[in-house]
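**Student:** Give me the fold of what follows.
(4 chains)
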Number of protein chains: 2
Amino acid sequence: MAAAIDLADKRGLDAVSMRAVADRVGVTPMALYPHVGSKAALLDGMVTAILRELKPPPPTEATWQNRLVYLARAGRAMSRRRPWVAMLMFSRPSIEPDAARVTDAIYQALLDAGVPDAEVPRLERLVSTFVLGYGASESAGRFASGGPDPRGWRGQVPGGPLAAHERLTPRLTSRHDWDQEFEADLADLQLLIEAKTRPPRASAGSEPAPPS
Amino acid sequence: MAAAIDLADKRGLDAVSMRAVADRVGVTPMALYPHVGSKAALLDGMVTAILRELKPPPPTEATWQNRLVYLARAGRAMSRRRPWVAMLMFSRPSIEPDAARVTDAIYQALLDAGVPDAEVPRLERLVSTFVLGYGASESAGRFASGGPDPRGWRGQVPGGPLAAHERLTPRLTSRHDWDQEFEADLADLQLLIEAKTRPPRASAGSEPAPPS
DNA sequence: CTGTATAGATCTACACTGTAGAGCATGCCA
DNA sequence: TGGCATGCTCTACAGTGTAGATCTATACAG
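**Tutor:** Down below sits the predicted model:
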(Lines give C-alpha, C1' and ligand atoms only; values in the text may rest on other atoms or scores of the structure.)
Protein backbone atom coordinates (compact mmCIF):
# COMPACT_ATOMS: atom_id res chain seq x y z
CA MET A 1 0.00 0.00 0.00
CA ALA A 2 2.73 2.40 0.98
CA ALA A 3 4.53 1.60 -2.24
CA ALA A 4 1.42 2.31 -4.27
CA ILE A 5 0.82 5.61 -2.50
CA ASP A 6 4.42 6.63 -2.93
CA LEU A 7 4.17 5.84 -6.60
CA ALA A 8 1.01 7.87 -7.03
CA ASP A 9 2.60 10.78 -5.20
CA LYS A 10 5.72 10.77 -7.31
CA ARG A 11 4.58 9.81 -10.77
CA GLY A 12 0.83 10.27 -10.76
CA LEU A 13 -2.08 7.91 -10.37
CA ASP A 14 -1.72 6.57 -13.89
CA ALA A 15 1.71 5.25 -12.97
CA VAL A 16 0.14 3.00 -10.36
CA SER A 17 0.06 -0.29 -12.19
CA MET A 18 0.28 -3.74 -10.72
CA ARG A 19 3.64 -4.19 -12.36
CA ALA A 20 5.01 -0.90 -11.08
CA VAL A 21 3.84 -1.53 -7.55
CA ALA A 22 5.18 -5.08 -7.61
CA ASP A 23 8.51 -3.85 -8.90
CA ARG A 24 8.77 -1.37 -6.09
CA VAL A 25 8.02 -4.07 -3.55
CA GLY A 26 10.57 -6.32 -5.23
CA VAL A 27 8.10 -8.94 -6.26
CA THR A 28 6.21 -10.28 -9.24
CA PRO A 29 2.93 -8.60 -10.23
CA MET A 30 0.91 -11.70 -9.60
CA ALA A 31 2.24 -11.96 -6.08
CA LEU A 32 0.13 -8.95 -5.14
CA TYR A 33 -3.16 -10.61 -5.91
CA PRO A 34 -3.51 -12.82 -2.86
CA HIS A 35 -2.91 -9.69 -0.79
CA VAL A 36 -4.89 -6.95 -2.50
CA GLY A 37 -7.39 -8.89 -4.57
CA SER A 38 -7.51 -6.61 -7.58
CA LYS A 39 -6.46 -3.28 -8.95
CA ALA A 40 -9.71 -1.70 -7.82
CA ALA A 41 -9.18 -3.04 -4.32
CA LEU A 42 -5.68 -1.65 -4.37
CA LEU A 43 -6.96 1.84 -5.16
CA ASP A 44 -9.54 1.36 -2.45
CA GLY A 45 -6.83 0.40 -0.03
CA MET A 46 -4.88 3.50 -0.94
CA VAL A 47 -7.67 5.86 0.07
CA THR A 48 -8.32 3.80 3.17
CA ALA A 49 -4.69 4.23 4.15
CA ILE A 50 -4.79 7.96 3.43
CA LEU A 51 -8.01 8.31 5.38
CA ARG A 52 -6.46 6.49 8.28
CA GLU A 53 -3.48 8.79 8.40
CA LEU A 54 -5.79 11.78 8.59
CA LYS A 55 -5.04 13.15 12.02
CA PRO A 56 -7.54 12.40 14.78
CA PRO A 57 -10.34 14.93 15.08
CA PRO A 58 -9.51 17.96 17.17
CA PRO A 59 -10.11 17.93 20.92
CA THR A 60 -13.69 18.11 22.08
CA GLU A 61 -13.13 21.27 24.02
CA ALA A 62 -12.71 23.37 20.86
CA THR A 63 -15.78 25.12 19.51
CA TRP A 64 -17.74 23.28 16.88
CA GLN A 65 -16.75 25.95 14.37
CA ASN A 66 -13.11 25.33 15.01
CA ARG A 67 -13.52 21.60 14.72
CA LEU A 68 -15.47 21.86 11.51
CA VAL A 69 -13.01 24.25 9.91
CA TYR A 70 -10.18 22.04 11.09
CA LEU A 71 -11.67 19.02 9.41
CA ALA A 72 -12.45 20.86 6.21
CA ARG A 73 -8.94 22.24 6.02
CA ALA A 74 -7.52 18.83 6.73
CA GLY A 75 -9.56 17.43 3.89
CA ARG A 76 -8.37 20.02 1.46
CA ALA A 77 -4.78 19.75 2.63
CA MET A 78 -4.97 16.04 2.01
CA SER A 79 -6.27 16.58 -1.48
CA ARG A 80 -3.52 19.08 -2.21
CA ARG A 81 -0.76 16.85 -0.96
CA ARG A 82 -2.13 13.97 -3.00
CA PRO A 83 -3.94 15.36 -6.02
CA TRP A 84 -5.25 11.92 -6.81
CA VAL A 85 -7.28 11.17 -3.69
CA ALA A 86 -10.25 13.44 -4.21
CA MET A 87 -11.34 11.79 -7.42
CA LEU A 88 -10.89 8.35 -5.92
CA MET A 89 -12.94 9.18 -2.87
CA PHE A 90 -15.99 9.90 -4.96
CA SER A 91 -16.11 6.26 -5.88
CA ARG A 92 -15.77 4.92 -2.38
CA PRO A 93 -18.78 4.46 -0.12
CA SER A 94 -18.45 6.97 2.68
CA ILE A 95 -19.73 4.33 5.06
CA GLU A 96 -16.53 2.39 5.51
CA PRO A 97 -15.05 2.50 9.00
CA ASP A 98 -12.19 4.88 8.30
CA ALA A 99 -14.40 7.38 6.54
CA ALA A 100 -16.98 6.96 9.25
CA ARG A 101 -14.47 8.16 11.82
CA VAL A 102 -14.24 11.59 10.26
CA THR A 103 -17.92 11.57 9.37
CA ASP A 104 -18.62 11.08 13.04
CA ALA A 105 -16.50 14.08 13.93
CA ILE A 106 -18.54 16.22 11.56
CA TYR A 107 -21.76 14.82 12.96
CA GLN A 108 -20.54 15.74 16.39
CA ALA A 109 -19.71 19.28 15.38
CA LEU A 110 -23.10 19.75 13.78
CA LEU A 111 -24.86 18.34 16.82
CA ASP A 112 -22.90 20.65 19.08
CA ALA A 113 -23.87 23.53 16.84
CA GLY A 114 -27.46 22.79 17.65
CA VAL A 115 -28.52 21.35 14.30
CA PRO A 116 -31.58 19.12 14.78
CA ASP A 117 -30.80 15.42 14.60
CA ALA A 118 -32.91 14.98 11.49
CA GLU A 119 -30.77 17.44 9.54
CA VAL A 120 -27.33 16.34 10.66
CA PRO A 121 -26.60 13.54 8.19
CA ARG A 122 -27.72 15.62 5.24
CA LEU A 123 -25.68 18.64 6.27
CA GLU A 124 -22.68 16.42 6.82
CA ARG A 125 -22.98 15.19 3.26
CA LEU A 126 -23.50 18.72 2.04
CA VAL A 127 -20.30 19.89 3.66
CA SER A 128 -18.15 16.89 2.86
CA THR A 129 -19.40 16.78 -0.72
CA PHE A 130 -18.42 20.38 -1.14
CA VAL A 131 -14.98 19.91 0.37
CA LEU A 132 -14.36 16.88 -1.78
CA GLY A 133 -15.68 18.65 -4.84
CA TYR A 134 -13.47 21.62 -4.19
CA GLY A 135 -10.43 19.41 -3.87
CA ALA A 136 -11.30 17.50 -7.01
CA SER A 137 -11.92 20.69 -8.95
CA GLU A 138 -8.59 22.08 -7.89
CA SER A 139 -6.52 19.03 -8.55
CA ALA A 140 -8.24 17.66 -11.62
CA GLY A 141 -8.22 20.98 -13.42
CA ARG A 142 -11.77 22.28 -13.34
CA PHE A 143 -10.64 25.40 -11.52
CA ALA A 144 -7.77 25.93 -13.92
CA SER A 145 -8.20 29.53 -14.88
CA GLY A 146 -5.51 29.88 -17.48
CA GLY A 147 -4.46 33.15 -15.92
CA PRO A 148 -5.77 36.60 -16.74
CA ASP A 149 -6.52 35.69 -20.32
CA PRO A 150 -10.26 35.28 -20.66
CA ARG A 151 -10.08 33.91 -24.14
CA GLY A 152 -12.24 30.99 -23.08
CA TRP A 153 -15.54 32.67 -22.45
CA ARG A 154 -14.84 35.59 -24.73
CA GLY A 155 -14.76 33.26 -27.68
CA GLN A 156 -17.93 33.66 -29.65
CA VAL A 157 -20.77 31.73 -28.17
CA PRO A 158 -23.67 30.74 -30.41
CA GLY A 159 -26.36 31.92 -28.02
CA GLY A 160 -25.16 35.51 -27.99
CA PRO A 161 -22.77 37.31 -25.68
CA LEU A 162 -22.40 36.37 -22.05
CA ALA A 163 -23.91 39.33 -20.32
CA ALA A 164 -22.97 38.49 -16.77
CA HIS A 165 -19.44 37.62 -17.78
CA GLU A 166 -19.09 41.00 -19.42
CA ARG A 167 -20.28 42.75 -16.32
CA LEU A 168 -18.03 40.74 -14.05
CA THR A 169 -14.98 40.99 -16.26
CA PRO A 170 -12.84 42.88 -13.75
CA ARG A 171 -13.54 40.21 -11.13
CA LEU A 172 -12.75 37.40 -13.51
CA THR A 173 -9.52 38.60 -15.03
CA SER A 174 -7.64 39.14 -11.80
CA ARG A 175 -5.66 36.16 -10.64
CA HIS A 176 -7.27 34.22 -7.88
CA ASP A 177 -6.34 33.08 -4.40
CA TRP A 178 -7.89 29.67 -3.95
CA ASP A 179 -6.96 29.41 -0.29
CA GLN A 180 -8.88 32.57 0.36
CA GLU A 181 -11.87 31.35 -1.62
CA PHE A 182 -11.94 28.11 0.32
CA GLU A 183 -11.91 29.99 3.60
CA ALA A 184 -14.72 32.25 2.43
CA ASP A 185 -16.73 29.21 1.40
CA LEU A 186 -16.18 27.66 4.79
CA ALA A 187 -17.38 30.82 6.46
CA ASP A 188 -20.51 30.73 4.32
CA LEU A 189 -21.20 27.12 5.12
CA GLN A 190 -20.77 27.94 8.76
CA LEU A 191 -23.37 30.65 8.31
CA LEU A 192 -25.68 28.14 6.71
CA ILE A 193 -25.27 25.76 9.61
CA GLU A 194 -26.02 28.45 12.10
CA ALA A 195 -29.20 29.24 10.21
CA LYS A 196 -30.26 25.61 10.62
CA THR A 197 -30.03 25.74 14.37
CA ARG A 198 -33.30 27.61 14.34
CA PRO A 199 -36.43 25.55 13.77
CA PRO A 200 -36.84 24.71 10.09
CA ARG A 201 -39.56 26.38 8.07
CA ALA A 202 -41.24 25.30 4.88
CA SER A 203 -39.91 26.77 1.66
CA ALA A 204 -42.11 28.77 -0.68
CA GLY A 205 -42.70 29.32 -4.36
CA SER A 206 -43.44 27.32 -7.47
CA GLU A 207 -40.51 26.14 -9.51
CA PRO A 208 -40.23 25.24 -13.19
CA ALA A 209 -40.09 21.56 -13.93
CA PRO A 210 -36.59 20.12 -14.36
CA PRO A 211 -35.69 18.59 -17.73
CA SER A 212 -35.95 14.85 -17.85
CA MET B 1 -18.68 12.05 -30.68
CA ALA B 2 -22.24 10.79 -30.74
CA ALA B 3 -20.92 7.27 -31.12
CA ALA B 4 -18.66 7.68 -28.10
CA ILE B 5 -21.47 9.10 -25.98
CA ASP B 6 -23.80 6.34 -27.04
CA LEU B 7 -21.18 3.79 -26.15
CA ALA B 8 -20.62 5.32 -22.73
CA ASP B 9 -24.35 5.39 -22.12
CA LYS B 10 -24.86 1.77 -23.06
CA ARG B 11 -21.75 -0.02 -21.87
CA GLY B 12 -20.09 2.36 -19.45
CA LEU B 13 -17.22 4.77 -19.75
CA ASP B 14 -14.63 2.01 -19.64
CA ALA B 15 -16.06 0.64 -22.86
CA VAL B 16 -15.16 3.83 -24.66
CA SER B 17 -11.95 2.83 -26.37
CA MET B 18 -10.58 4.16 -29.61
CA ARG B 19 -11.17 0.78 -31.19
CA ALA B 20 -14.74 0.52 -29.96
CA VAL B 21 -15.64 4.02 -31.11
CA ALA B 22 -13.97 3.45 -34.45
CA ASP B 23 -15.84 0.20 -34.89
CA ARG B 24 -19.13 1.90 -34.24
CA VAL B 25 -18.31 4.58 -36.78
CA GLY B 26 -17.27 1.87 -39.21
CA VAL B 27 -13.69 2.95 -39.44
CA THR B 28 -10.20 2.06 -38.29
CA PRO B 29 -9.06 3.28 -34.87
CA MET B 30 -6.28 5.38 -36.29
CA ALA B 31 -8.71 7.19 -38.54
CA LEU B 32 -10.07 8.97 -35.50
CA TYR B 33 -6.84 10.69 -34.63
CA PRO B 34 -6.86 13.44 -37.24
CA HIS B 35 -10.34 14.29 -36.01
CA VAL B 36 -10.19 14.00 -32.24
CA GLY B 37 -6.49 14.26 -31.52
CA SER B 38 -6.31 11.83 -28.63
CA LYS B 39 -8.34 9.79 -26.21
CA ALA B 40 -8.25 12.60 -23.68
CA ALA B 41 -9.52 15.03 -26.27
CA LEU B 42 -12.27 12.59 -27.14
CA LEU B 43 -13.45 12.48 -23.54
CA ASP B 44 -13.24 16.24 -23.48
CA GLY B 45 -15.34 16.41 -26.59
CA MET B 46 -17.91 14.15 -25.00
CA VAL B 47 -18.53 16.49 -22.10
CA THR B 48 -18.53 19.45 -24.44
CA ALA B 49 -21.26 17.80 -26.46
CA ILE B 50 -23.26 16.97 -23.36
CA LEU B 51 -22.85 20.48 -22.05
CA ARG B 52 -24.05 21.85 -25.34
CA GLU B 53 -27.20 19.77 -25.30
CA LEU B 54 -28.04 21.12 -21.88
CA LYS B 55 -31.22 23.06 -22.49
CA PRO B 56 -30.89 26.82 -22.69
CA PRO B 57 -31.28 28.64 -19.41
CA PRO B 58 -34.85 29.39 -18.42
CA PRO B 59 -36.51 32.63 -19.49
CA THR B 60 -35.34 35.77 -17.81
CA GLU B 61 -38.75 36.56 -16.48
CA ALA B 62 -38.62 33.75 -13.97
CA THR B 63 -37.40 34.56 -10.48
CA TRP B 64 -33.72 34.03 -9.82
CA GLN B 65 -34.60 31.26 -7.39
CA ASN B 66 -36.50 29.42 -10.06
CA ARG B 67 -33.69 29.81 -12.55
CA LEU B 68 -31.08 28.65 -10.11
CA VAL B 69 -33.07 25.64 -9.03
CA TYR B 70 -33.79 24.85 -12.65
CA LEU B 71 -30.12 24.86 -13.52
CA ALA B 72 -29.15 22.80 -10.51
CA ARG B 73 -31.81 20.22 -11.31
CA ALA B 74 -30.75 20.16 -14.91
CA GLY B 75 -27.20 19.48 -13.81
CA ARG B 76 -28.19 16.64 -11.59
CA ALA B 77 -30.56 15.22 -14.20
CA MET B 78 -27.70 15.23 -16.66
CA SER B 79 -25.48 13.39 -14.24
CA ARG B 80 -28.18 10.80 -13.60
CA ARG B 81 -28.85 10.19 -17.24
CA ARG B 82 -25.14 9.79 -17.91
CA PRO B 83 -23.46 8.57 -14.75
CA TRP B 84 -20.08 9.15 -16.32
CA VAL B 85 -20.20 12.90 -16.95
CA ALA B 86 -19.82 14.22 -13.43
CA MET B 87 -16.43 12.66 -12.87
CA LEU B 88 -15.24 13.85 -16.26
CA MET B 89 -16.36 17.39 -15.66
CA PHE B 90 -14.07 17.73 -12.68
CA SER B 91 -11.13 17.49 -14.99
CA ARG B 92 -12.36 20.03 -17.50
CA PRO B 93 -11.67 23.73 -17.05
CA SER B 94 -15.01 25.40 -16.40
CA ILE B 95 -13.89 28.28 -18.58
CA GLU B 96 -14.56 26.70 -21.92
CA PRO B 97 -17.32 28.34 -23.96
CA ASP B 98 -20.00 25.71 -23.47
CA ALA B 99 -19.52 25.58 -19.73
CA ALA B 100 -19.36 29.35 -19.67
CA ARG B 101 -22.85 29.52 -21.08
CA VAL B 102 -24.37 27.85 -18.03
CA THR B 103 -21.93 29.59 -15.74
CA ASP B 104 -23.24 32.86 -17.09
CA ALA B 105 -26.78 31.86 -16.33
CA ILE B 106 -25.80 31.20 -12.74
CA TYR B 107 -23.96 34.49 -12.57
CA GLN B 108 -27.07 36.21 -13.81
CA ALA B 109 -29.26 34.54 -11.23
CA LEU B 110 -26.89 35.52 -8.45
CA LEU B 111 -26.69 39.08 -9.68
CA ASP B 112 -30.45 39.28 -9.85
CA ALA B 113 -30.61 37.95 -6.34
CA GLY B 114 -28.63 40.96 -5.26
CA VAL B 115 -25.35 39.28 -4.49
CA PRO B 116 -22.54 41.84 -4.69
CA ASP B 117 -20.42 41.53 -7.82
CA ALA B 118 -17.34 40.62 -5.85
CA GLU B 119 -19.02 37.54 -4.42
CA VAL B 120 -20.74 36.24 -7.51
CA PRO B 121 -17.96 34.17 -9.10
CA ARG B 122 -17.11 32.51 -5.84
CA LEU B 123 -20.72 31.67 -5.06
CA GLU B 124 -21.17 30.33 -8.55
CA ARG B 125 -18.27 27.95 -7.98
CA LEU B 126 -19.63 27.05 -4.58
CA VAL B 127 -22.97 26.06 -6.05
CA SER B 128 -21.71 24.34 -9.17
CA THR B 129 -19.05 22.48 -7.24
CA PHE B 130 -21.69 21.17 -4.91
CA VAL B 131 -24.02 20.12 -7.69
CA LEU B 132 -21.21 18.38 -9.51
CA GLY B 133 -20.00 16.76 -6.31
CA TYR B 134 -23.49 15.53 -5.52
CA GLY B 135 -23.81 14.01 -8.96
CA ALA B 136 -20.41 12.40 -8.75
CA SER B 137 -21.10 11.03 -5.29
CA GLU B 138 -24.34 9.52 -6.45
CA SER B 139 -23.09 7.98 -9.62
CA ALA B 140 -19.62 6.92 -8.59
CA GLY B 141 -20.79 5.22 -5.42
CA ARG B 142 -19.81 7.48 -2.55
CA PHE B 143 -23.42 7.79 -1.48
CA ALA B 144 -23.98 4.06 -1.75
CA SER B 145 -25.61 3.27 1.54
CA GLY B 146 -25.88 -0.48 1.33
CA GLY B 147 -29.40 -0.26 2.62
CA PRO B 148 -30.51 -0.36 6.23
CA ASP B 149 -27.60 -2.50 7.31
CA PRO B 150 -25.16 -0.28 9.13
CA ARG B 151 -22.46 -2.88 9.23
CA GLY B 152 -19.96 -0.38 7.90
CA TRP B 153 -19.66 2.05 10.72
CA ARG B 154 -20.73 -0.43 13.34
CA GLY B 155 -17.67 -2.49 12.65
CA GLN B 156 -15.18 -2.03 15.43
CA VAL B 157 -13.25 1.18 15.00
CA PRO B 158 -9.85 1.44 16.69
CA GLY B 159 -10.46 4.88 18.16
CA GLY B 160 -13.49 3.84 20.17
CA PRO B 161 -17.18 3.88 19.36
CA LEU B 162 -18.68 6.48 17.07
CA ALA B 163 -20.75 8.50 19.48
CA ALA B 164 -22.60 10.65 16.99
CA HIS B 165 -23.37 7.65 14.80
CA GLU B 166 -24.85 5.87 17.78
CA ARG B 167 -27.04 8.81 18.60
CA LEU B 168 -28.17 9.23 15.02
CA THR B 169 -28.77 5.55 14.37
CA PRO B 170 -32.50 5.87 13.70
CA ARG B 171 -31.78 8.55 11.09
CA LEU B 172 -29.08 6.52 9.44
CA THR B 173 -30.75 3.16 9.14
CA SER B 174 -33.86 4.32 7.33
CA ARG B 175 -33.63 4.19 3.59
CA HIS B 176 -32.96 7.49 1.94
CA ASP B 177 -34.58 9.63 -0.72
CA TRP B 178 -31.79 11.30 -2.60
CA ASP B 179 -34.10 13.49 -4.65
CA GLN B 180 -35.49 14.92 -1.49
CA GLU B 181 -32.05 15.49 -0.03
CA PHE B 182 -30.96 17.31 -3.15
CA GLU B 183 -33.97 19.57 -2.97
CA ALA B 184 -33.31 20.31 0.67
CA ASP B 185 -29.71 21.12 -0.13
CA LEU B 186 -30.83 23.49 -2.86
CA ALA B 187 -33.16 25.22 -0.45
CA ASP B 188 -30.29 25.65 1.96
CA LEU B 189 -28.00 27.06 -0.67
CA GLN B 190 -30.75 29.45 -1.64
CA LEU B 191 -30.87 30.53 1.98
CA LEU B 192 -27.16 31.07 1.94
CA ILE B 193 -27.39 33.22 -1.16
CA GLU B 194 -30.12 35.32 0.33
CA ALA B 195 -27.90 35.88 3.33
CA LYS B 196 -25.24 37.27 1.00
CA THR B 197 -27.54 39.85 -0.50
CA ARG B 198 -27.11 42.03 2.51
CA PRO B 199 -24.00 44.22 2.44
CA PRO B 200 -20.95 42.11 3.28
CA ARG B 201 -19.74 42.46 6.81
CA ALA B 202 -16.15 41.96 7.82
CA SER B 203 -16.82 40.07 11.05
CA ALA B 204 -18.74 36.85 11.42
CA GLY B 205 -21.59 37.83 13.70
CA SER B 206 -24.80 35.84 13.54
CA GLU B 207 -27.98 37.83 13.10
CA PRO B 208 -31.43 36.35 12.72
CA ALA B 209 -32.88 36.82 9.28
CA PRO B 210 -35.19 39.82 8.97
CA PRO B 211 -38.37 39.49 6.93
CA SER B 212 -37.99 40.09 3.22
C1' DC C 1 -7.84 12.03 -70.83
C1' DT C 2 -3.63 11.91 -68.15
C1' DG C 3 -0.58 13.00 -64.26
C1' DT C 4 -0.02 14.40 -59.95
C1' DA C 5 -0.98 16.43 -55.37
C1' DT C 6 -3.34 15.85 -51.21
C1' DA C 7 -6.42 14.43 -47.63
C1' DG C 8 -7.89 10.79 -45.39
C1' DA C 9 -8.12 5.90 -44.09
C1' DT C 10 -5.44 1.72 -43.21
C1' DC C 11 -1.92 -1.62 -41.58
C1' DT C 12 1.61 -2.92 -38.65
C1' DA C 13 3.97 -2.57 -34.56
C1' DC C 14 5.24 -1.26 -29.79
C1' DA C 15 5.03 -0.85 -25.10
C1' DC C 16 1.87 -1.40 -21.75
C1' DT C 17 -2.37 -2.82 -18.98
C1' DG C 18 -5.08 -6.27 -15.57
C1' DT C 19 -5.32 -10.88 -14.55
C1' DA C 20 -6.36 -16.23 -15.36
C1' DG C 21 -3.93 -20.61 -14.84
C1' DA C 22 -0.33 -23.61 -14.14
C1' DG C 23 4.01 -24.69 -11.95
C1' DC C 24 7.49 -24.44 -8.30
C1' DA C 25 9.82 -23.80 -3.80
C1' DT C 26 9.69 -23.56 1.00
C1' DG C 27 8.17 -24.47 5.70
C1' DC C 28 5.08 -26.96 9.08
C1' DC C 29 2.94 -31.10 11.09
C1' DA C 30 2.27 -36.20 11.44
C1' DT D 1 10.22 -39.19 5.68
C1' DG D 2 5.79 -37.99 3.52
C1' DG D 3 1.92 -34.91 2.72
C1' DC D 4 0.35 -30.45 2.38
C1' DA D 5 -0.53 -25.66 2.38
C1' DT D 6 1.26 -21.09 1.40
C1' DG D 7 3.30 -17.89 -1.25
C1' DC D 8 5.79 -16.77 -5.16
C1' DT D 9 6.95 -17.01 -10.34
C1' DC D 10 6.17 -17.78 -15.25
C1' DT D 11 3.59 -17.76 -19.21
C1' DA D 12 -0.15 -16.28 -21.73
C1' DC D 13 -4.21 -13.66 -23.32
C1' DA D 14 -7.06 -10.12 -24.66
C1' DG D 15 -7.10 -5.55 -24.44
C1' DT D 16 -5.26 -0.45 -24.32
C1' DG D 17 -3.43 4.22 -26.74
C1' DT D 18 -0.86 5.64 -30.40
C1' DA D 19 3.66 6.36 -33.52
C1' DG D 20 5.09 5.53 -38.32
C1' DA D 21 4.67 4.05 -42.83
C1' DT D 22 1.68 2.86 -46.52
C1' DC D 23 -2.18 2.85 -49.33
C1' DT D 24 -6.31 4.93 -51.79
C1' DA D 25 -9.53 7.87 -53.62
C1' DT D 26 -10.57 12.31 -54.86
C1' DA D 27 -9.62 17.08 -56.95
C1' DC D 28 -7.40 19.77 -59.89
C1' DA D 29 -3.69 21.36 -63.59
C1' DG D 30 -2.18 20.46 -68.22
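
**Student:** The helix or strand harbouring residue A:51 - contacts with which helices or strands?
**Tutor:** Secondary structure from DSSP states H and E places residue A:51 in helix A:39-52. Counting contacts by 3 or more CB pairs under 8 Å, 6 or more residues apart in numbering or on different chains; DSSP states H and E, helix A:39-52 is packed against helix A:2-11, helix A:18-25, helix A:85-90, helix A:97-113. Backbone N, C-alpha and C define where each C-beta goes, glycine included.

**Student:** now for those, which one comes closest to DNA strand C?
**Tutor:** helix A:18-25 (3.5 Å; CB to the nearest atom of the strand).

**Student:** Might you enumerate the residues of chain A proximal to DNA strand D?
**Tutor:** A:22, A:27, A:28, A:30, A:31, A:34, A:35 (CB under 7 Å from any atom of the strand).

**Student:** In contact with the residue nearest the centre of chain A, which residues are there?
**Tutor:** Chain A has residue A:132 as the residue nearest its centroid, 1.0 Å off, counting by CA atoms, centre = their mean. Residues in contact with residue A:132, defined by CB atoms under 8 Å, 6 or more residues apart in numbering or on different chains, are A:75, A:79, A:86, A:89, A:90, B:133, B:137, B:142.

**Student:** Dump the residues of chain A next to DNA strand D to CSV, plus distance to chain B, secondary structure and neighbour count.
**Tutor:** Conversion of the residues of chain A next to DNA strand D to CSV gives the following (distance: CB to the nearest CB, whole Å; DSSP: H, G, I helix; E, B strand; the rest coil; neighbours: other CB atoms under 10 Å in any protein chain shown):
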residue, distance to chain B, secondary structure, neighbour count
A:22, 23, helix, 17
A:27, 27, coil, 13
A:28, 26, coil, 12
A:30, 22, helix, 10
A:31, 26, helix, 12
A:34, 23, helix, 7
A:35, 21, helix, 12
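
**Student:** give me the subset of these touching DNA strand C.
**Tutor:** residue A:30.

**Student:** would you list the residues of chain A next to DNA strand D in JSON lines and tack on pLDDT?
**Tutor:** Shown next, in JSON lines, are the residues of chain A next to DNA strand D (pLDDT from 0 to 100):
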{"residue": "A:22", "pLDDT": "97"}
{"residue": "A:27", "pLDDT": "95"}
{"residue": "A:28", "pLDDT": "96"}
{"residue": "A:30", "pLDDT": "96"}
{"residue": "A:31", "pLDDT": "96"}
{"residue": "A:34", "pLDDT": "95"}
{"residue": "A:35", "pLDDT": "95"}
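
**Student:** Mind picking out the helix or strand in chain A with the poorest mean pLDDT?
**Tutor:** The helix or strand of chain A with the poorest confidence is helix A:151-154; it has a mean of 56 (mean pLDDT, DSSP states H and E).

**Student:** And the next helix or strand past it?
**Tutor:** Following helix A:151-154 toward the C-terminus (DSSP H and E): helix A:163-173.

**Student:** In that following helix, which residues are buried?
**Tutor:** Buried residues in helix A:163-173, counting neighbours by 16 or more other CB atoms under 10 Å in any protein chain shown, are found at A:164, A:165, A:167, A:168, A:171, A:172.

**Student:** Averaged pLDDT, the longest helix seen in chain A. What do you get?
**Tutor:** In chain A, with assignment by DSSP state H, the single longest helix is helix A:120-140. Helix A:120-140 shows a mean pLDDT of 97.

**Student:** relative orientation of it and helix A:97-113 in degrees?
**Tutor:** 120 degrees (axes from the mean of the first three to the mean of the last three CA atoms, to 10 degrees).

**Student:** what about helix A:120-140, distance to the chain center?
**Tutor:** What separates the centre of helix A:120-140 from the centre of its chain is 4 Å, taken as CA atoms, centre = their mean, to the nearest Å.

**Student:** neighbours around residue A:194, how many?
**Tutor:** 18 (other CB atoms under 10 Å in any protein chain shown).

**Student:** Check pLDDT for the buried residues of helix A:163-173 and point me to the minimum.
**Tutor:** residue A:171 (76).

**Student:** wait, doesn't that one sit right on residue B:120?
**Tutor:** Yes - between residue A:171 and residue B:120 there is a contact at 7.1 Å, judged by CB atoms under 8 Å.

**Student:** so who does residue A:126 touch?
**Tutor:** Taking CB under 8 Å, 6+ apart, one finds A:189, B:130, B:185, B:188 in contact with residue A:126.

**Student:** and of those residues, the nearest to DNA strand D?
**Tutor:** Looking across these and measuring by CB to the nearest atom of the strand, the closest to DNA strand D is residue B:130, at 31.0 Å.

**Student:** one step back: and which of the buried residues of helix A:163-173 is nearest to chain B?
**Tutor:** residue A:164 (3.4 Å; CB to the nearest CB).

**Student:** and residue A:51, how far is that from DNA strand C?
**Tutor:** Here the distance between residue A:51 and DNA strand C works out to 21 Å (CB to the nearest atom of the strand, to the nearest Å).

**Student:** Please name the nearest non-neighbouring residue to that residue.
**Tutor:** Leaving aside its sequence neighbours, residue A:51 sits nearest to residue A:98 (CB to CB, 6 or more residues apart in numbering or on different chains; 4.1 Å).

**Student:** pLDDT score assigned to the one you found?
**Tutor:** For residue A:98, pLDDT reads 87.

**Student:** Pull the number of nearby residues for it.
**Tutor:** For residue A:98, using other CB under 10 Å, the count is 18.
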